[in-house]
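Participant: Have a look at this prediction, sequence included:
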Amino acid sequence: MTLRLQPSEIEQAAKILREGGTVAFPTETVYGLGANALDEAAVAKIFAAKGRPSWDPLIVHVSDQAMLAKLAFSITQAEKLIQNFWPGPLTLLLPRTPEVPDAITAGRPLVGVRMPSHPLALALIRAAGVPIAAPSANRFGHTSPTTADHVLEDLDGRIDAVLDGGPTTVGVESTVLDPNQNPMLIYRPGAITPAMIEQVAGPVRIFQPIAAPQENPASLPSPGVGIRHYAPRAKLILVASENELHQQEERNVEEKIGILLPQGWTARPSTEVFPWASWNDGEALAQRLFAGLRELDNRGVTIILCPLPEASGVGLAIRDRLEKAARTK
């Protein structure tokens, strides 16, 4: 049975981590499944609990510069980004130190590191006194968790504890950036947008795989570039407009349909609706995205219809998650 701990029990959560256990905890993005990043046996428990393949690297969370120095060698571009965006939802791929277990990076020379801005996450890392490896706290490939209840839906009995800090605020995973390249390379879009990065540190480009990643590659170049991820149980169909949404409702009339419905859009009375957010409020759409997919799944729908925002600002991140979630293989 997985313990459900309250913020007042943070010392108990920290003790579990120090002793090699697993604790899910809130960050500003989504809930992460944490273990001591310098303990190879503890890291292995993350992969086992999630059913995560070894070729998919992890992100390590730190609370200060001294902890970062144990894991990675700094570069000039990274220092600019850290100064402007940490603590916050930006993961940097940096040259790893020998202390980092191979399992963290899938054997690659760069380690993904970030300093979360969620006060409970920072307090947990400081209390544990170790860097915490933490991918999203869900079964591999499934919809990411933004509440403790979501974590327990996937991982109850498979992890030692979940630290309940309420709903997350950003709602999509961190931006993952390789600052070693010129131009810098965004492997996964997030709340820290290309425009924000360029204003501080220069040009960026967004990762575009030449071919679809293999199902079992030797390793992925970064967290967040897997071919299919974030997926609900129901079939996910993406639409470009309200008109196309209504066409899909007519086309799938025999199915139990759910919709992530923007404010002001309409749906058939028989459709299960999750009230999403204003279509012009990208931050609110991101914050409610995974909660909406999970709620519609829990209502037993067989098809989820979801509009696809424009590819700008945080809309890039929402599109990235939805396009991966909608892949059939």
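Facilitator: Yep, it's here. Numbers count the residues shown, from 1 in each chain.
Participant: what does the host helix or strand of residue 323 contact?
Facilitator: Here residue 323 sits within helix 315-325, counting by DSSP states H and E. Helix 315-325 has contacts (Cβ atoms under 8 Å, 6 or more residues apart in numbering) with 143-144, 172-173, 175, 188-191, 193-194, 206, 226-232, 236, 238, 282, 285-286, 289-290, 293, 306, 308-309, 311. C-betas here are computed from N, CA, C, even on glycine.
Participant: now do stretch 185-205
Facilitator: Counting contacts by Cβ under 8 Å, 6+ apart, the residues outside stretch 185-205 that touch it are 29, 77, 80-81, 84-85, 88-91, 93, 170, 172-179, 182-184, 206-207, 221-225, 283, 286, 313-314, 316-317, 319-320.
Participant: Please pick the buried ones from these.
Facilitator: Burial by neighbour count, judged by 16 or more other Cβ atoms under 10 Å, picks out 29, 77, 81, 85, 88-91, 93, 170, 172-179, 184, 207, 221-225, 286, 313-314, 316-317, 319-320 from the contacts of stretch 185-205.
Participant: any idea how far residue 30 is from the nearest residue to residue 168 once chain neighbours are set aside?
Facilitator: Closest residue to residue 168 apart from its sequence neighbours, by Cβ to Cβ, 6 or more residues apart in numbering: residue 146 at 4.6 Å. Separation of residue 146 from residue 30 (Cβ to Cβ, to the nearest Å) stands at 6 Å.
Participant: shared neighbours, the two?
Facilitator: By Cβ under 8 Å, 6+ apart, the residues touching both residue 146 and residue 30 are 168, 171, 290.
Participant: where's the last one, which helix or strand?
Facilitator: Secondary structure assignment for residue 290, by DSSP H and E: helix 282-298.
Participant: what's the spacing between that helix and its chain's center?
Facilitator: 13 Å (Cα atoms, centre = their mean, to the nearest Å).
Participant: quick one: strands adjacent to the helix or strand following it?
Facilitator: Next helix or strand after helix 282-298 toward the C-terminus (DSSP H and E): strand 303-307. Take DSSP bridges as the rule and strand 303-307 pairs in its sheet with strand 235-239 (parallel), strand 257-261 (parallel).
Participant: pLDDT averaged over the helix holding residue 323, what's the number?
Facilitator: The pLDDT scores in helix 315-325 average 95.
Participant: got the CA positions of it in CSV?
Facilitator: Taking C-alpha atoms only, helix 315-325 is exported to CSV below (Å, rounded to 0.1, in the frame of the first residue of the first chain):
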residue,chain,number,x,y,z
GLY,A,315,0.4,26.0,-27.4
LEU,A,316,3.6,24.3,-28.7
ALA,A,317,3.7,22.3,-25.6
ILE,A,318,0.0,21.4,-25.7
ARG,A,319,0.3,20.3,-29.3
ASP,A,320,3.4,18.2,-28.6
ARG,A,321,1.6,16.3,-25.8
LEU,A,322,-1.6,15.8,-27.8
GLU,A,323,0.1,14.7,-31.0
LYS,A,324,2.1,12.1,-29.1
ALA,A,325,-1.0,11.0,-27.1
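Participant: Show the pLDDT at residue 211.
Facilitator: So residue 211 comes in at 54 (pLDDT).
Participant: Report the spatially nearest residue to residue 183, omitting neighbours in sequence.
Facilitator: Per Cβ to Cβ, 6+ apart, closest to residue 183 is residue 203, 3.8 Å.
Participant: got the buried residues for stretch 140-156?
Facilitator: Neighbour-count burial for stretch 140-156 [16+ other Cβ under 10 Å]: 140-148, 150-155.
Participant: sorry, that was for stretch 255-266
Facilitator: So for stretch 255-266, counting by 16+ other Cβ under 10 Å, buried means 255, 257-262, 265.
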